[in-house]
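**Q** predicted model and sequence below, questions to follow.
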Amino acid sequence: MKIRPRYFPYPVIATNNDSYLNTTFENDVLFEQSGYNIIFTLQASTNNTEINKLLEEGKVSFVHHIECAQTCFRKAIVTGDGSVEELIPQSKLNGIVQINSFIVARVDLTRYKNSDFSQDYKGFSFSIKKGCLLAIGKSIEIEISKQKDDLENTSSIFSVLPLIDPNETFIKVDTSNSKKILIYLPYKSYNIYRNSSSNLELQSVMHSMIIIPALMQAFEELKASRNDLYLYSDCRWFNSLKKACKQLKISLDETELENLDPYKAAQMLLDSPTVRALDYLIGGQEDED
Amino acid sequence: MKIKFITEEGLLTAKGNYSTIYKEVIKKSNNICNVLNDSSVIKESSIEIEDFSFDMSQEKAVNTDLENIRRVYNHMKGLSESQASDERIWVAFTLNQGLDYMKYRWMPESESDKIDRFFFKTANSKRPLFRNGIARLWWIGYHTYDSKRINPYELTEFICKDQDYINNLLDIGFASNPKITKAVISAVVDAEKQGAKINREVVRSVSQYVNLLGGIYILDCLSYDEIYEKVTNHIGL
């Protein structure tokens, strides 16, 4: 559920909304894997005295809406407690899970008013129907990366694949896949790659020739899109790359991407394979001193 | 039989070489393993189901949708939502064991036609579940099968009367929650039984109305009966 900014005919606590003077609505989600289940800890609180009283009376509730669009999973957890645990079988989730938290009327509220209403609403009272929203929290997205994949295990952010058409002679890199960076090799080259990929000694050569340029292309693309990085938020290869970069103290955010040197970053991530490849090609003659 | 799936690598190779897949697999019915020069591209999962075939008996292929939903959902009801949203299972069907059905129901007229019937076009969205030629049969079944009814496929029968009903009642926002979908479709079906005239305009208006409700209420907080009642009142008997 994507919550877009909208107008309400009555005061609602939300970001960029000044219906209330000093009222806040905070929400957060923690999650952990437990066997074949995911345990979500859903937290919400408000500092508004009158709304807290309505919560105690059960007239309004916190509602945490959990949705996984990819598996058509939707569930609303209705609670009066500030923190609640919800266990969801992993078999019901896959990929991005979105959690939105609200305060919702559980009964029709007649003549609802609040001492913290902003000046625009001071002195007014409102009729709020059961199910209507009183507060909208921040939207939280988490990715469920299955450690135990349902069908087979997959790893790495790259996939090296063949181009079957014999007329294809150029290597292609495709970053449009949300899971992996795809590298397509002409068929003959692909077979050479496949036969050599198990040879650890040749790995640095293969990384230099095939993976480094693909990684550079991905970094170049991210640099160009640095103002729209949200477009990559669902992208597994981007999230994995971000984590790996973080370990090298490279932050893939708008500011750092602007000055990022893609060639250097790619080498750092793969631990300078070109230097090792050249050493290997001249017979492993490294300086020992 | 065991449910098959295409390997991740096989799937990406097939997508990256779609032109060859279209010419060799879809048009000429060559085996995808031979076309991709990899005999292990289609694998067996550990999920056991009873063997079944697709109904291809009607002159108009669309008229087999209901029967094929029954066959696919009855045989594969045991899939979890996570498994049923896995593109690899459905592409193994569309390009391998279900290829004859796909050519019967969704034969592309050109290379760029109906690609989304064979693959999942977008990730992290429910859209492809209702677009892929065979995944849609399972997901329509999942959303409309109602074991509480004497005929559990009664809602499916209604929705299959018109492809526009499927688009409006399933391929849109509120369709993520089966409780909501079933309440909405049940209200429409029962209204028709009680004499209301149901057509595309009415179904579209119901769809718009429920989406509008979703802007005001957290629909998932409303009970089945509350949604059913609101839709019934909207249709107006």
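**A** The structure has been received and is ready for your questions.
**Q** B:Lys4: how many residues sit nearby?
**A** 17 (other CB atoms under 10 Å in any protein chain shown). Quick note: C-beta positions are derived from backbone N, CA and C, even for glycine.
**Q** what are the buried residues along whatever helix or strand it lives in?
**A** Secondary structure from DSSP states H and E places B:Lys4 in strand B:2-6. With burial defined by 16 or more other CB atoms under 10 Å in any protein chain shown, the residues of strand B:2-6 counted as buried are B:3-6.
**Q** what of stretch B:111-121?
**A** Quick answer for stretch B:111-121 (16+ other CB under 10 Å): B:114, B:117-120.
**Q** out of these, flag the one nearest to A:Ala214.
**A** Closest approach between those and A:Ala214, by CB to CB: B:Phe119, at 22.4 Å.
**Q** that closest one against B:Glu87, yeah?
**A** Yes - contact status for B:Phe119 versus B:Glu87: in contact at 6.9 Å, counting by CB atoms under 8 Å.
**Q** what touches both of these two?
**A** B:11, B:128, B:132 (CB atoms under 8 Å, 6 or more residues apart in numbering or on different chains).
**Q** contact partners for the first one?
**A** Going back to what we said before, that points to B:Leu11. B:87-88, B:91, B:119.
**Q** wasn't it part of a helix?
**A** Yes - according to DSSP: H, G, I helix; E, B strand; the rest coil, B:Leu11 belongs to a helix.
**Q** how far away is it from A:Arg236?
**A** Using CB to CB, to the nearest Å, we find B:Leu11 at a distance of 15 Å from A:Arg236.
**Q** pLDDT weak spots in chain B?
**A** Low-confidence segments of chain B, defined by pLDDT under 70: B:124, B:172-175, B:237.
**Q** quick check: longest strand of chain B.
**A** strand B:42-48 (DSSP state E).
**Q** so it, near chain A or not?
**A** Yes - Strand B:42-48 comes into contact with chain A (CB under 8 Å from any CB of the partner chain), by way of B:43, B:45.
**Q** which residues are in contact with the helix or strand following that strand?
**A** Going down the chain from strand B:42-48, the next helix or strand is helix B:65-76, by DSSP H and E. With contact meaning CB under 8 Å, 6+ apart, helix B:65-76 is reached by B:3, B:49-50, B:52-55, B:84, B:101, B:134, B:137-138, B:140-142, B:144-145, B:153, B:156-157, B:160.
**Q** filter the residues you listed by proximity to chain A?
**A** Applying CB under 8 Å from any CB to the contacts of helix B:65-76, those adjacent to chain A are B:84, B:142.
**Q** which of the contacts of helix B:65-76 are buried, as a ChimeraX select command?
**A** Selection of buried members from those for ChimeraX, criterion 16+ other CB under 10 Å:
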select /B:3,49,54,55,84,101,134,137,138,140,141,142,144,145,153,156,160
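**Q** so which bits of stretch A:256-270 are buried?
**A** Here stretch A:256-270 shows A:257, A:260, A:262, A:265-267, A:269-270 as buried, counting by 16+ other CB under 10 Å.
**Q** could you check how far the spatially most central residue of chain B is from B:Trp106?
**A** For chain B, the residue sitting closest to the mean C-alpha position, by CA atoms, centre = their mean, is B:Arg136 at 1.4 Å. To B:Trp106, B:Arg136 is 10 Å away according to CB to CB.
**Q** gap between B:Ala135 and B:Ile89?
**A** 8 Å.
**Q** fine by me, thanks again.
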